[in-house]
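>>> please find the sequence and the predicted model below.
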Amino acid sequence: MPANASIVSAESPCIGHCTTVLGDNVCRSCLRTFEEVTRWIEMNEEQRRAVNWRIALAKSSR
């Protein structure tokens, strides 16, 4: 993870419209994988920031 990733929040990106319950592997709302959604509460801050960094990169490449 790049050094400036520390500015990425560890807050949940969830906006309350989860599509993983509909069978999607990646939520269309928050862009987390099913595993990331289900493990979120177990993850430490660094792991959460890494997920949010990946999401930020995915959004910027759209």
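Ah, there it is.

>>> can you pull out the helices in the protein?
Defined through DSSP state H, the helices belonging to the chain, from first to last, are 34-39, 45-60.

>>> mind listing what's buried along the last one?
In terms of neighbour count (16 or more other Cβ atoms under 10 Å), helix 45-60 has its buried residues at 48-56. In this view, the C-beta of every residue, glycine as well, is placed from N, C-alpha and C.

>>> about what we covered before: take the helices of the chain and write them to CSV, including mean pLDDT and distance to Cys14.
As requested, the helices of the chain are exported to CSV (pLDDT from 0 to 100; distance: least, Cβ to Cβ, whole Å):
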stretch, mean pLDDT, distance to Cys14
helix 34-39, 94, 8
helix 45-60, 94, 11
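
>>> of all the ones you listed, which lies closest to Val8?
With Cβ to Cβ as the measure, helix 45-60 is the member of those nearest Val8 (4.8 Å).

>>> output the contacting helices and strands for that closest one.
Applying 3 or more Cβ pairs under 8 Å, 6 or more residues apart in numbering; DSSP states H and E, we find helix 45-60 packed against no helix or strand.

>>> give me every residue that touches Thr19.
With Cβ atoms under 8 Å, 6 or more residues apart in numbering as the criterion, the residues that contact Thr19 are 27-29.

>>> how much space between the nearest residue to Ala56 once chain neighbours are set aside and Gln47?
Using Cβ to Cβ, 6 or more residues apart in numbering and skipping residues adjacent in sequence, the residue nearest Ala56 is Val8, 6.2 Å away. If you measure Val8 against Gln47 using Cβ to Cβ, to the nearest Å, the figure is 12 Å.

>>> for Pro13, same thing?
If you measure Pro13 against Gln47 using Cβ to Cβ, the figure is 13 Å.

>>> which residues do these two both contact?
For the pair Pro13 and Gln47, no residue contacts each of them under the criterion Cβ under 8 Å, 6+ apart.

>>> residues near the nearest residue to Glu45 once chain neighbours are set aside, how many?
If you skip the residues right next to it in sequence, Glu45 has Ala10 as its closest partner in space, 4.4 Å away by Cβ to Cβ, 6+ apart. Ala10 sits with 15 neighbouring residues when counted by other Cβ atoms under 10 Å.
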